[in-house]
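J.: Okay, here's the prediction I keep looking at, along with the sequence it came from:
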Amino acid sequence: MGGDRMRRMILLFLIVLMVSLVFAGEFRSIEAIKASGELRILQTENYWYPFYYLDEEGKLGGIDVELGKDIAAALGVKPVFIRAIATHETLATHLKEGEGDIILSYYSYSPSRASQVYISRDYLVQNLSLLINNQILQRIKNELDELTPEKLVESLNDPSISVLVMMGTVYEKIALELFPGAKIFSIGTTENLAGLLFEKNYDVFFMNDLWTETFLVKNPSLLIHYSIYRLPSEDQIVVGVNPANADLLEWINRFLDSDYNRTREYLNRYIDYELIAKLHREISAESRVKLLLEDPYRWIVLFLILLLAFLVVWSSQKKIKKKSENGKAPHWLLNIWTILFAMVLGFYSGGAFPDIVEGLSPLGELFFNYMLLCGLPILFCVVTLNILRLLMKSGGGGFLLKFLGVVLVFFVLGALIGIVVAMIVEPGTGVPKESQEALVVSMKATNPFEEVNVTTGSILWSLPTNMISNSIVRAFAENKTLAIVFFSIILAFAIKFVNDSKREAIIDSLETVGEIFIFLFRLSYYILPFGIFSLMLSQASVFTGDTSVMKSLIMLIGCQFLCFVVWFIFSTVLGAKLAKMSPLEYLGAIKKPTMLLFALMSSVAVIPEALHTSEQVEQFNDENQRGVLPLLVVMLQPHTVSLFAVVAIFNLQLLGRSLGPMDYMYIAISSIIAVIATIGVPSPLDLFTISMVVLPFNIPPTQAIFFMLPWMYTGRRLEVMGMMINNFAAVQLFRSKKPKENLSPAAKTLE
């Protein structure tokens, strides 16, 4: 009996001892930490910028890392950061199992966490926040008399609303409590968060304000789609301590209350509060643009620009009049120098006299809308007639397929050249975040177009979806150029199978309608300088705050020139090889039509001289070549494909938008389709088809056109010269395999 009692006591003692040893291993006292020389700090496996992350050198840095080093230094030990394979919610388990001494991992207070571990006093207090899709937010504002946090949360608590949260965080639990009726989605890492929000798969991102604001500063182009809204609820960031280690908790609280706590210093080091403040600031028209020059210098420069414009235009008109056969010059408003100085004057006036921007900028929108009013019917008529003429040409569908195949190959090369040049040179990178924010604010204020949802999975499918409209009238009303082009092609195929008399009547009607709208469009030439002046006014705000955007514009023009050089070399080598001539002989043979196109900038006007060259040069004197050359002169414009691709990528780089393979593929395909839509359309209307390239990325077409204007009115002559070199290179592909012997002999080169 006594032996049994003794055995029970020994067994009980052993159990108590084992339990004591287990619990003793779960935490270390302050003395044990000092004796080991290390403070073990638990953090999640995923990084949370700017609290803990790897810097450019691959070293661990951030606010929590700096704070952890200070705590360790105060204890006289070294910090050891343990990256636990855990979420924030499971860090407490790792701490209680003795894997670390404290949790310092952007750790938010919650009642459930306080029941598992000791929670220190907060070292940072934030507010919960919502990053809301602008369209959703605007709809809610329209439905409410006054927007309050309570009403906003109530409106978002709807099955149609999708809320994105970070998995294993406090915010995941709070979102389930705040939005029980909404669809809650969780992701485990922030690495692809920007991409998910760019694709607009979710209506709301729920987090706290400081982290979300820092995230937006790094990704300012998200402001095009989203707005941040602070909630009154607080989010306290704390240190977690083992529940058996009350002494360490008391020590950490004293440290956080002392002057050794430099959290505020670290916040200012890692977070740009000035840029964050601008995320919430409503920028007035007066403060949006800084003056380029102060009085009286801005007036002096204005006078000098006007004087220079007058002298240059007057001199140009005088030269044109002297060279003209009838001794007359076109109206001075039609002079290319008038248009160039209107562009310069509009840009300068927008920066030097910002007060006039709000009053005169709408005139630019009216001009833009008038050109669309006349241009879309022209686009419809020209595309229909061009496709119909190709179908009706001898050889029918076979010739059409070969012709379109050649054109498509050149256009694909154009897209690739534009994309590669933009990727290598990166003209839009290096712009400060502040300038990116200002650009995004400007775009949000001036973008009149509805947002288009393009996701990684559907970006290519958006082409056929946007191509086929359920109403052609609606396509015209909503400026859906892609749908208009597709309908024109379908209509051309249908007209081909109509009997001859009706077909001729339809063709005559289309030609008449096209001529009417071309006449109306040409009337806009007289107000073209005023329209461009007004469009340029509002663009000055992009450049006056930071010269880096101006540098980017110069880089863009350099990219466009580089594209011309690549095309010039490629076309010369290809044309010379196919024609079995030296490059100099090839250029010499086509010199006259090339220079004529360079001077007139009219593909239609140069067709007679191009045909004359074809008849005089043996290598081009073939019936098929002479038949296809006029079509190539009008339709083959691979340079413009390169230009559209470069400008689209440049605009996305300016906004800090990272592009993936699907984005580049979409830009390539849409640039090709957009240029096909410009065939036969008078300049500068052809520029507006770039809308189908940039609108899916929510870039206003007017902004894309603005960045094309400097090249279009300076380098366009080089571009059209390159077009003629391309045309005579491509026409070699249509030479008969066995040319007729009765063709007239010709000189190998044209003197």
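T.: Looks like it came in fine.

J.: neighbours around Leu196, how many?
T.: When neighbours are defined as other Cβ atoms under 10 Å, Leu196 has 17 of them. Bear in mind the C-beta positions are built from the backbone N, C-alpha and C, glycine included.

J.: helix or strand for it, which one?
T.: Using DSSP states H and E, Leu196 maps to helix 193-198.

J.: List the buried residues in that helix.
T.: For helix 193-198, burial by neighbour count (16 or more other Cβ atoms under 10 Å) applies to 193-194, 196-198.

J.: who's in contact with the following helix or strand past it?
T.: Sequence-wise, the next helix or strand downstream of helix 193-198 (DSSP H and E) is strand 204-208. Strand 204-208 is contacted from outside by 108, 126-133, 136, 156, 161-166, 171, 174-175, 178-179, 182, 193, 197, 212, 226, 235, using Cβ atoms under 8 Å, 6 or more residues apart in numbering.

J.: ends of stretch 352-362, how far apart?
T.: Its start and end residues considered, stretch 352-362 measures 18 Å (Cα to Cα, to the nearest Å).

J.: Tell me the one among the buried residues of helix 193-198 nearest to Ser524.
T.: Phe198 (36.5 Å; Cβ to Cβ).

J.: so how far is the one helix or strand Val412 maps to off the chain centroid?
T.: Per DSSP H and E, Val412 falls inside helix 396-425. Relative to its chain's centre, helix 396-425 lies at 23 Å (Cα atoms, centre = their mean, to the nearest Å).

J.: what's the answer for stretch 28-36, then?
T.: 54 Å.

J.: what about dumping the CA coordinates of that stretch to PDB?
T.: Provided in PDB are the C-alpha atoms of stretch 28-36 (Å, rounded to 0.1, in the frame of the first residue of the first chain):
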ATOM      1  CA  ARG A  28      12.900  32.400 -22.700                       C
ATOM      2  CA  SER A  29      13.200  34.900 -19.900                       C
ATOM      3  CA  ILE A  30      15.000  38.200 -20.500                       C
ATOM      4  CA  GLU A  31      18.000  36.700 -18.700                       C
ATOM      5  CA  ALA A  32      18.000  33.700 -21.000                       C
ATOM      6  CA  ILE A  33      17.700  36.000 -24.100                       C
ATOM      7  CA  LYS A  34      20.700  38.000 -23.000                       C
ATOM      8  CA  ALA A  35      22.700  34.900 -22.200                       C
ATOM      9  CA  SER A  36      22.000  33.500 -25.700                       C
END
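
J.: neighbouring contacts of it?
T.: By Cβ under 8 Å, 6+ apart, stretch 28-36 touches 39, 75-77, 98, 101, 245, 247-248, 251.

J.: cutoff 6 Å now
T.: With contact meaning Cβ atoms under 6 Å, 6 or more residues apart in numbering, stretch 28-36 is reached by 39, 76, 101, 247-248.

J.: again, but for stretch 151-168
T.: In contact with stretch 151-168 (Cβ under 6 Å, 6+ apart) are residues 87-89, 140, 144, 171-172, 175, 178-179, 181-186, 188, 202-206.

J.: repeat for stretch 114-126
T.: Residues external to stretch 114-126 that are found in contact with it (Cβ under 6 Å, 6+ apart): 92, 95, 109, 208-210, 234-241, 243, 249, 252-253, 256, 263.

J.: where does the stretch 351-500 of the chain dip in pLDDT?
T.: Across the stretch 351-500 of the chain, the ranges flagged by pLDDT under 70 are 368, 371-372, 375, 379, 390, 393-400, 430-470, 478-482, 485.
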